[in-house]
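# Here is the input, now give the coordinates:
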Amino acid sequence: MNADVMKLVLESAGDQIFAADMAGKYTIFNAAHKRLMLECYGQEIQLDMDPETMACHRFDNGEFRGACIKAYSGESNSIFFEFGDPSIRRFWTHASFNPMFEGGQLIGITVFIRDASESKAAETELMAEKEAAQADAKAKSAFLSSMSHEIRTPMNAILGLTEILLQKKHDETSAENLKAIKFSANNLLSIINDILDFSKIEAGKFGFEIQPFDLFHVLEEINKGIQVSAKARNLVYDFQISPSIPRFFRGDSVRLSQILLNLLGNSLKFTKTGRILLGVDVLNESDAEIEIEFKVSDTGIGIPKSQLSNIFNSFTQVHRNNRFNSQGTGLGLSITKRLVELQQGSIEVESEVGKGTVFTFRLRYFKANQRDLEPESEGEEIRSNHFQNLKVLVVEDNKINQLLAKQLLTSWGVTVEVANDGFEAIAKLQRRTFDLILLDLQMPEIDGFEVTRFVRKTIKAPANQIPIVALTADAFTETKQLTQNAGMNDFITKPFQQKDLLRVLRKFSPQDYEIRESDVAVEIAENQSIDFEFIKDKFGKDPETFRYILEVFIHDIAKELELVRGYIEKNDNPNAAKLVHKLVSTFSAMGMPDTAFNTSLIERMLKGNDDLIMIREKWVQVEKEYNQASEQAKPVLESLNA
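Sure, this is the predicted structure:
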């Protein structure tokens with residue numbers, strides 16, 4: 001390219017172009033650079049001009065000079081900088097700096113400067129939108145957090161006090177009414193949780209709690225609730241599980257329950273007559289993990305094919321105008337699909353209008369064993385003096401929640417003091433010491449975080465290391481992280497259950513906590529196949545009654561098990577199922593829930609005419625569990641006869 005063409009290219013370029021020698025003097029520049037230096041700096045430039053006299057350096061914050069130095073050292077680079085005198089004209093530019101060589105020797109640099117006003121303006125606008133979106137997200141999170149607290153707080157009282165009342169003896173009508181209150185409250189809580197879960201998923205803040213869990217226990221609890229609901233609607237609820245499925249896994253059992261309850265609840269909602277079935281089967285299995293297929297089918301009204309592709313969309317209610325529709329958020333199936341997919345699973349739906357719907361989802365879990373599970377505290381009888389040496393400060397501004405926490409704690413022998421707000425809590429902490437603080441986060445004037453800071457920074461050691469457990473209706477993951485950052489030791493979400501409180505009491509009891517004989521008795525009872533204390537509570541503590549119950553269990557039940565075995569061997573499923581049905585309630589009454597659950601599985605397998613070999617294998621397990629319990633009952637019976 002000859003010099004004339006090169007000059008023509010430079011002069012026609014809209015961007016500024018110039019070159020400088022090793023002394024920093026211009027060796028060439030184009031018309032655009034000359035014009036803009038005059039328009040923006042008020043300076044007429046010329047070749048061989050002393051760089052120190054150039055006006056642009058007076059307004060350089062060091063970026064321009066630094067970029068030149070890099071180019072003079074042989075390094076190409078680029079920067080965004082503001083070009084021009086602020087008092088004349090100034091705009092954003094993007095400049096590229098490149099070393100210039102001749103015969104392998106560095107002889108100067110070339111600079112290309114392009115107007116970046118539009119891109120910079122777009123960037124500024126984008127940043128403003130991002131900040132606004134972040135502010136909106138923060139406001140949304142704060143609103144949902146507040147809403148969660150305001151709604152969950154009374155729900156905590158309703159559920160907690162209902163749970164306490166259900167432990168007392170009532171006539172049949174009162175007991176049923178209390179159960180109805182609890183059921184309705186749990187339904188309302190489910191809607192609240194739908195809204196919060198959706199928000200957390202949308203915000204990318206949803207996490208899973210991976211813990212060992214008992215699949216049979218999870219399914220048993222689900223079946224209990226669904227059977228009641230199905231019976232109330234005159235529906236048949238059935239349950240089928242492959243006998244080859246192991247019992248213990250590692251995963252999020254709470255989210256599994258949520259998925260199943262969402263799907264089963266959907267079937268209940270849209271099935272007027274007929275049957276609902278939950279099936280559980282093994283798809284793939286290795287030494288370490290297993291893939292399970294869960295299938296929920298019904299004989300409901302079905303879903304039009306045109307709507308199947310939208311069924312998992314947010315806020316979608318396919319049967320919004322149908323008379324079978326009940327209230328809901330339209331989020332249940334959307335959340336269900338996301339919960340499955342977030343666990344690397346899959347879900348699909350098949351349906352035909354007037355015939356019913358089948359939802360199928362698959363999840364993989366790591367295998368576990370029974371020793372991986374912590375002892376189950378729910379339903380365990382706690383002696384009235386179990387924690388008699390423990391002093392707990394409950395900081396809570398809600399009177400009903402105060403009553404709930406105090407009733408539970410004092411029933412276990414805990415010495416309880418209540419503070420109505422943060423000020424009162426600080427005053428009590430300055431006067432005396434406690435073993436544990438149960439602390440509400442959202443209180444007027446001084447909240448739980450401020451109380452925690454006071455304890456950790458102001459109270460003298462070692463009292464400043466007292467365990468602090470947050471009590472909050474705010475279910476957001478970031479709130480849990482905030483409590484940890486503030487120095488709290490644990491976190492309980494309202495509405496809490498007895499087992500939640502029991503867990504933290506055991507976790508934070510002092511190391512020198514005295515183990516009394518009553519505690520040892522509880523531990524022994526937990527290791528028994530048969531729960532003698534449960535039998536006494538159910539049938540009364542009269543020794544003669546207790547002896548009669550044990551005699552029937554040891555002798556008569558053994559004969560019934562032999563009869564069942566004979567029916568199974570003869571392939572007489574109807575008679576075997578009738579007798580097995582009676583045994584389910586027998587094992588439940590004897591405080592043997594696992595055996596009762598396994599027996600109920602066999603009853604379903606017999607009614608479904610499942611494979612005889614699988615039925616035999618399951619029955620051998622039940623006989624083994626009964627024989628173990630019977631051996632444990634014999635010495636107790638002998639002591640009563642002595």
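
# Give me the domain ranges for the chain.
Following the assignment in automatic domain parsing, the chain carries domains at 3-115, 211-372, 391-509, 532-641.

# Please name the residues that touch the nearest residue to Val451 once chain neighbours are set aside.
Of all residues not flanking Val451 in the chain, Gly422 sits nearest, at 4.8 Å (Cβ to Cβ, 6 or more residues apart in numbering). Just so you know, the C-beta spots here come from the backbone N, C-alpha and C atoms, and that holds for glycine as well. Contacts for Gly422 (Cβ atoms under 8 Å, 6 or more residues apart in numbering) come out as Val395, Met443, Glu445, Ile446, Asp447, Gly448, Glu450, Val451.

# sec struct for Asp397, please.
Classification of Asp397 using DSSP: H, G, I helix; E, B strand; the rest coil returns coil.

# Can you pull the phi/psi pair for it?
Backbone torsions of Asp397, given as degrees, to the nearest 10, read phi -90, psi -10.

# wait, what's in contact with it?
Asn420, Asp421, Asp440, Met443, Pro444.

# what do you get for Ala368?
Contacts of Ala368 (Cβ under 8 Å, 6+ apart): Pro212, Phe213, Phe248, Phe249, Arg250.

# State the pLDDT value of it.
Ala368 is assigned 85 on the pLDDT scale.

# if I look at it, how far off is Ile557?
Per Cβ to Cβ, to the nearest Å, Ala368 is found 31 Å from Ile557.

# picking that back up, Throw the contacts of Gly422 into TSV and include secondary structure and pLDDT, thanks.
Converted to TSV, the contacts of Gly422 look like this (DSSP: H, G, I helix; E, B strand; the rest coil; pLDDT from 0 to 100):
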residue	secondary structure	pLDDT
Val395	strand	92
Met443	coil	79
Glu445	coil	78
Ile446	coil	85
Asp447	coil	87
Gly448	helix	90
Glu450	helix	91
Val451	helix	92
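
# List only buried entries from the residues you listed.
Taking 16 or more other Cβ atoms under 10 Å as the criterion, what is buried in these is Val395, Met443, Ile446, Asp447, Gly448, Val451.

# out of the residues you listed, who's nearest Arg90?
Comparing those against Arg90 with Cβ to Cβ places Asp447 closest, at 47.8 Å.

# how about low-confidence regions in the stretch 201-350 of the chain?
201-207, 314-331 (pLDDT under 70).

# do the same with the stretch 51-200 of the chain
51-52, 57, 137-138, 140-153, 156-157, 187, 190-191, 193-200.

# which residues of it fall in strands?
77-83, 91-102, 105-115 (DSSP state E, counting those that start in this stretch).

# what's the spacing between the closest residue to Ile113 other than its chain neighbours and Glu220?
Once flanking residues are discounted, Ile113 sits nearest to Gln16: 3.9 Å by Cβ to Cβ, 6+ apart. To Glu220, Gln16 is 77 Å away according to Cβ to Cβ.

# cool, and Lys499?
16 Å.

# quick one: which of the two has more around it?
Set Lys499 next to Glu220 and count neighbours by other Cβ atoms under 10 Å: Glu220 wins out with 17 against 12.

# Beyond the host helix or strand of that one, next helix or strand please.
Element membership for Glu220, per DSSP states H and E: helix 215-232. The helix or strand immediately downstream of helix 215-232 is strand 236-241, counting by DSSP H and E.

# Sheet partners, orientation included, of that following strand?
strand 275-285 (parallel) (DSSP bridges).

# Please work out the angle formed by the directions of the strand it pairs with and helix 215-232.
Here strand 275-285 runs at an angle of 160 degrees relative to helix 215-232 (axes from the mean of the first three to the mean of the last three Cα atoms, to 10 degrees).

# Could I get the CA-only coordinates of strand 275-285 as CSV?
The C-alpha atoms that make up strand 275-285 are tabulated as CSV, following Å, rounded to 0.1, in the frame of the first residue of the first chain:
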residue,chain,number,x,y,z
ARG,A,275,-59.1,-45.2,43.3
ILE,A,276,-55.8,-43.5,44.0
LEU,A,277,-52.6,-45.6,44.0
LEU,A,278,-49.1,-44.9,45.1
GLY,A,279,-46.6,-47.3,43.6
VAL,A,280,-42.9,-47.5,44.5
ASP,A,281,-40.4,-49.6,42.5
VAL,A,282,-36.7,-50.0,41.8
LEU,A,283,-35.4,-49.0,38.4
ASN,A,284,-31.6,-49.3,38.7
GLU,A,285,-29.4,-50.3,41.6
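
# Enumerate the positions of that strand that are buried.
Across strand 275-285, burial judged by 16+ other Cβ under 10 Å covers Arg275, Ile276, Leu277, Leu278, Gly279, Val280.

# Would you mind pulling the contact partners of it?
So strand 275-285 is in contact with 219, 222-223, 226, 230, 235-242, 244-245, 260, 264, 267-268, 290-299, 362, going by Cβ under 8 Å, 6+ apart.

# residues contacting Ile181?
Counted by Cβ under 8 Å, 6+ apart, Ile181 has contacts Ile158, Thr162.

# any idea how far Leu264 is from it?
Counting by Cβ to Cβ, the gap from Ile181 to Leu264 is 22 Å.

# any idea which of the buried ones among the contacts of Gly422 is closest to Phe112?
Asp447 (57.0 Å).
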